[in-house]
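A.B. asks: return a 3D structure for these sequence lines:
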Amino acid sequence: MINRIFIAFCLLLFSSAVFGQMEDDSPDIEETGLFTDPVKSGLRINGYRLGEGVVISAPGGSKINISSYLQTGFEMRNYEGDDKLYNRFRLRRARIRINGEAYRSKIRYGLGLDLVKGNTGESDNSSMLMDAWIGYRPFGSALMISFGQRSTPTDNRELFMSSFALQLPDRSKLSSAFGTIREVGIFAEGSFKVGRNAYLRPAIAITDGDGPISTDRRYGGLKYGARVSYLPFGLFKMGGDSRQGDMVYELSPKLNISVAASYNDGTIDRKGGNGGSPLLYYNDLNQVVLPDYTKLTADFHFKYMGFSLLGEFVMTRIDVPATITQRARNNAAPSRDFIIDGQQNIAGYIRNRMMAGSGFNIQGGYFFRNFWSIDARYTHFMPDKYSYLNNDLYYNRKDYYELGVTKYLLKSHAVKIQLSYCLIKPDGPSRKLNGEDFSGFEGLTNLLMQVRF
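C.D. replies: Numbers count the residues shown, from 1 in each chain. Alright, predicted model coming up:
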């Protein structure tokens, strides 16, 4: 497996010299030096616009962008047969981002912090650190290699889209169930023109497979992944491929079709690279032995004249080594108890603690000229017999029907108000958040306000 990944990595490096140029080529400005006198360097703070942050630039192509955004929200749940409403107010996100480039854009870097980490529900990791990576573009602008912690190309497409640019107040349940969000490792990505208008975007990643950085011991093996995206009708305008909703009104159809796959050679968590409290298993010699996790993803993103459509499919597979004979309890004590359905079933017990199965999400909407949008989403899960997707408290809901409306105060995502209602259909008896049983429909209302600085 390592040899195959290494060969693919070398091919990606070589291909940058064969294909055309990347869409965001920077001017070939003569570098004046990274360590110049700041008084003589021509340092410039560009004009500020709400939602775009502060951009500081200097001769030679070096620049830095500092931005942030704040999301506050209100959430209300109701259950069929229960007159009580379950409410809570949330500080959904409060994030600071720093992005920059230097040396004629050959060096790029990113740093992201979430000041309310742990209240987002995106990851079990409690660190405020979101992104911390440095990238290098060795062959002009067609390819970038980066190291550090960042989003992985093997997640579903919605997780490539900025949290401030969502059509609905929150991401789909598909992203919550299968997304690893961010990982630590090496990443390579390219963008090559392969025809008159078409572009091909390959990406590969080799990470440690244990999710975001943490102070805990990292037990798992390496995780290998790749993605290939094809844009047959050219590039989306103004970064539209990383934002939901067609706010810029594409005058010609734009489409991105992608497939991705990843293999985690020994995972310690439910999703194959999300981090959190480790799920550890041992053999008879008390050596750590872990299940392997494979994930396949296919998705598309379409925009045209205010209309947008996003479709995603995810399928997973768990391989349990036959040498596993023990597991670690919550108190770290070893146990040989793998009882499920009244029987000793090691493989079934382990799969029942992981996201095993498949699901799809499809959502679309229309952006009106008066800065209103109407959006809808449907998410469906097909869990395996033994899967954490059957957990009656957090999952065990197969169908999600959601309708939302958004008012944008500006022609940007800087200031907006979003309201949505989601009707959730459980798959048999389930539990409410307070632990009580219910078997009817569940309703979820979300109100979100956002300001991006």
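
A.B. asks: quick one: the helices in the protein?
C.D. replies: Counting by DSSP state H, the chain has helices at residues 2-15, 173-178, 346-351.

A.B. asks: so what's the spatially closest residue to residue 55 that is not a sequence neighbour up against?
C.D. replies: Spatially, and ignoring its direct neighbours in sequence, residue 55 is nearest to residue 46 (4.3 Å; Cβ to Cβ, 6 or more residues apart in numbering). Placement of C-beta: from N, CA and C, glycine included. By Cβ atoms under 8 Å, 6 or more residues apart in numbering, residue 46 lies in contact with 54, 55, 56, 57.

A.B. asks: enumerate every residue touching the first one.
C.D. replies: The contact partners of residue 54, taken as Cβ under 8 Å, 6+ apart, are 45, 46, 48, 65, 66, 67.

A.B. asks: I'd say the fifth one and residue 48 touch.
C.D. replies: In this case it means residue 66. No. Residue 66 is not in contact with residue 48 according to Cβ atoms under 8 Å; the separation is 10.6 Å.

A.B. asks: these two: which is more packed in?
C.D. replies: Using other Cβ atoms under 10 Å as the criterion, residue 66 and residue 48 rank with residue 66 on top: 15 against 11.

A.B. asks: please name the bridge partners of the more buried one.
C.D. replies: For residue 66, the beta-bridge partners under DSSP bridges are residue 54, residue 98.

A.B. asks: contact partners for it?
C.D. replies: Going by Cβ under 8 Å, 6+ apart, residue 66 touches 53, 54, 56, 96, 97, 98.

A.B. asks: now render those as a markdown table, adding distance to residue 400 and pLDDT.
C.D. replies: Below are those laid out as a markdown table (distance: Cβ to Cβ, whole Å; pLDDT from 0 to 100):
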| residue | distance to residue 400 | pLDDT |
| --- | --- | --- |
| 53 | 33 | 90 |
| 54 | 38 | 91 |
| 56 | 43 | 90 |
| 96 | 31 | 95 |
| 97 | 29 | 95 |
| 98 | 35 | 96 |
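
A.B. asks: ChimeraX command for the buried members of those?
C.D. replies: Entered in ChimeraX, the line below selects the buried ones among these, by 16 or more other Cβ atoms under 10 Å:
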select :53,96,97,98
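
A.B. asks: what's the most distant pair in the contacts of residue 66?
C.D. replies: Spanning the widest gap among the contacts of residue 66 are 56 and 96, at 15.3 Å by Cβ to Cβ.

A.B. asks: how near is residue 151 to residue 241?
C.D. replies: With the distance defined as Cβ to Cβ, to the nearest Å, residue 151 ends up 14 Å from residue 241.

A.B. asks: okay, and the common contacts of these two?
C.D. replies: Residues touching both residue 151 and residue 241 (Cβ under 8 Å, 6+ apart) are residue 160.

A.B. asks: quick one: contacts for residue 279?
C.D. replies: Contact analysis of residue 279 by Cβ under 8 Å, 6+ apart lists 268, 269, 270, 327, 328, 350, 353, 354.

A.B. asks: can you redo the residues you listed as TSV with neighbour count, distance to residue 423 and pLDDT?
C.D. replies: Below are those laid out as TSV (neighbours: other Cβ atoms under 10 Å; distance: Cβ to Cβ, whole Å; pLDDT from 0 to 100):
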residue	neighbour count	distance to residue 423	pLDDT
268	28	35	92
269	24	30	92
270	23	26	93
327	19	38	96
328	15	39	93
350	22	33	97
353	18	29	95
354	23	28	96
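
A.B. asks: quick one: pLDDT of residue 12?
C.D. replies: On the pLDDT scale, residue 12 is placed at 41.
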